[in-house]
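Enquirer: A predicted structure for the sequence below; I have some questions about it.
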Amino acid sequence: MFAVIRTGGKQYRVAPNDIIEIEKIAGEPGDIVELGEVLLLGGDAPKTGSPTIAGAMVAAEVVAQKRADKIIVFKKKRRQGYRRTKGHRQLLTALRITEILTDGKKPSKAAAKPAPKKVEAKAETKTAEKPAAKKAETKPVAKKAEAKPEAKKAAAKKPAKTAAKAPAKKPAAKPKKS
C-alpha cells in the first residue's frame, strides 16, 4: 500500500519504511509525527480525495533534523557594476514512514525500528586502529639546517642584481612656427 501526502507545499508518494526528506517540521529524532493531508491511497482498492481523504493519516518517525546542500544565489546586471552573491541552506527533516492509517485509526506508540546497520560497527573498528597506526608511521624529519649552507654558497657566487635603469626620457616636442 502507498499514499500520496502533501507537506511543505510539495507532494510525496510514500510507502511503509520509506525515508523521505521534507521541509522542516517540529520534532526531535525518535518522535512520531502524524501527516494528515493524504491525497491518495493506493493498493488493492485505490481511494482519491477531494482534495484530501477524510480520516486517513500517515505516521512517521523523525530520523534527523538537518540542512540541505548550499545553493548559490547570484544576481548581476550587465554593464552596471551590480553583482550580489548569497548562499542558502534549506532546513530539512528526515522521516521514516511507519504506518499508513485509514478510517480514523490512531498510530501505534512504538516506532518500527529498522535492523541495526553493520556500517556503524566497521566505523568503530577503524577509529580504534587509527591512533596506533599513526604512531608507527611517524618518521623523524630531516633537519633543514644541513641543506641551507649549500644554498647560501650558491647564492653568494651569483652576482647581485643591479637596480633597473630608468627609461630614457623623450625629448620635448618642438613648438610649431606659425
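Expert: Perfect, thanks for sending it.
Enquirer: run me through the strand neighbours of the helix or strand containing residue 72, direction for each.
Expert: Assessed by DSSP states H and E, residue 72 sits inside strand 71-77. Strands that pair with strand 71-77, judged by DSSP bridges, come out as strand 82-88 (antiparallel).
Enquirer: touching the strand it pairs with from outside, list them.
Expert: Contact partners of strand 82-88, identified using CB atoms under 8 Å, 6 or more residues apart in numbering, comprise 70, 71, 72, 73, 74, 75, 76. (Glycine included, C-beta is placed from N, CA and C.)
Enquirer: nearest to residue 6 among those?
Expert: Closest approach between the contacts of strand 82-88 and residue 6, by CB to CB: residue 71, at 23.5 Å.
Enquirer: show me what contacts the closest one?
Expert: Residue 71 touches 87, 88, 89, counting by CB under 8 Å, 6+ apart.
Enquirer: for residue 91, give the beta-bridge partners.
Expert: residue 67.
Enquirer: what separation do you get for it and residue 72?
Expert: 18 Å (CB to CB, to the nearest Å).
Enquirer: tell me which of the two has more neighbours.
Expert: Applying other CB atoms under 10 Å to residue 91 and residue 72 shows that residue 91 carries more neighbours, namely 11 against 8.
Enquirer: tell me the contacts of that one?
Expert: 23, 24, 65, 66, 67, 68.
Enquirer: now the first one, nearest residue through space, not along the chain?
Expert: Think residue 23. Counting by CB to CB, 6 or more residues apart in numbering, residue 8 is the residue found nearest to residue 23 once chain neighbours are left out, at 3.4 Å.
Enquirer: quick check, pLDDT for that neighbour.
Expert: Residue 8 is assigned 93 on the pLDDT scale.
Enquirer: mind listing the helices for the protein?
Expert: 119-137, 148-157 (DSSP state H).
Enquirer: and those, which one's lowest on average pLDDT?
Expert: Across the helices of the chain, helix 119-137 gives the lowest mean pLDDT, at a mean of 53.
Enquirer: give me the below-cutoff pLDDT ranges for this structure.
Expert: Scanning the chain with the threshold set as pLDDT under 70 gives 110-168, 178.
Enquirer: give me that answer again for 90
Expert: In the predicted model, the chain carries pLDDT under 90 at residues 1, 40-51, 55, 101-178.
Enquirer: roughly how far apart are the nearest residue to residue 21 once chain neighbours are set aside and residue 64?
Expert: Nearest residue to residue 21, sequence neighbours excluded (CB to CB, 6+ apart): residue 92, at 4.8 Å. Per CB to CB, residue 92 is found 8 Å from residue 64.
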